[in-house]
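**Q** Here's a sequence, model it:
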Amino acid sequence: MITPAWCQTMARYNAWQNQWMFQAADALSPGERRRDRGAFFGGIEGTLSHLLWGDMLWIARFDGGPGPLKVNTSQATAEAYDWPALIAERPKLDARIASWAWSIGQDDLEGDLSWISGSTGAEMTCSRALCVMQIFNHQTHHRGQVHAMLTAAGCATEPTDLPYMPGEIPEWR
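**A** Here you go, the predicted structure:
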């Protein structure tokens with residue numbers, strides 16, 4: 001279903017999108033970043049905090065490294081990181097995701113993954129490939145929300161389509 005090369009492309013895409021998105025958000029005042037814009041996690045900062053939290057949760061399941069700081073509640077994920085921490089942690093996490101993507105083989109994408117859900121306390125088991133798709137789909141979903149909020153706030157935004165990603169995407173020649 002998915003391959004290590006797909007994971008590598010998506011890791012590159014993740015880092016590319018986060019770089020410009022955080023630069024655009026950083027140009028806003030703290031009040032504008034935190035302003036409730038009707039998204040599930042309120043505003044831009046809350047959504048980006050949730051996204052960092054979710055990425056840390058999933059990559060920890062994949063690479064066995066450290067997970068997020070707080071438990072799974074809507075409020076905690078939106079407030080888990082203040083803006084300076086978000087700015088500092090995002091590129092480190094993107095590098096961690098990329099390192100994982102470049103270290104895996106096809107066998108690492110097969111079989112099941114099990115974990116204890118922080119929100120329900122129940123043991124969960126899911127296809128490893130589906131879990132890997134989840135991290136990248138979750139990123140794209142919430143960055144789409146942030147893109148819309150940045151646009152509404154008057155920020156200049158960048159393209160979000162994969163063919164515009166800097167560097168070559170060999171599959172799309």
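
**Q** Compute the mean per-residue pLDDT across the longest helix belonging to the chain, please.
**A** In the chain, taking DSSP state H as the definition, the longest helix is helix 128-152. Averaging pLDDT along helix 128-152 yields 96.

**Q** what does stretch 164-173 give?
**A** For stretch 164-173, the per-residue pLDDT averages 70.

**Q** Count the neighbours of Ala152 for me.
**A** Neighbours of Ala152 under the rule other CB atoms under 10 Å: 11. For the C-beta atoms, the positions are set from N, CA and C on the backbone; glycine is no exception.

**Q** Ok, Glu123 next?
**A** 9.

**Q** ok, the residue positioned nearest the centre of the chain to Gly121 distance?
**A** Centroid-nearest residue in the chain, with CA atoms, centre = their mean: Gln139, separated by 3.7 Å. Going from Gln139 to Gly121 by CB to CB, to the nearest Å gives 26 Å.

**Q** With Ala101 instead?
**A** Taking CB to CB, one finds Ala101 at 30 Å from Gly121.

**Q** between the two, who's got more neighbours?
**A** Remark: of Ala101 and Gly121, Ala101 carries more neighbours, 22 against 7, as counted by other CB under 10 Å.

**Q** contacting residues for the more buried one?
**A** Listed by CB atoms under 8 Å, 6 or more residues apart in numbering, the contact partners of Ala101 are Pro4, Cys7, Gln8, Met10, Ala11.

**Q** Pick out the one among these with the largest number of neighbours.
**A** Using other CB under 10 Å as the neighbour criterion, Cys7 leads those with 25 neighbours.

**Q** Noted, bye for now.
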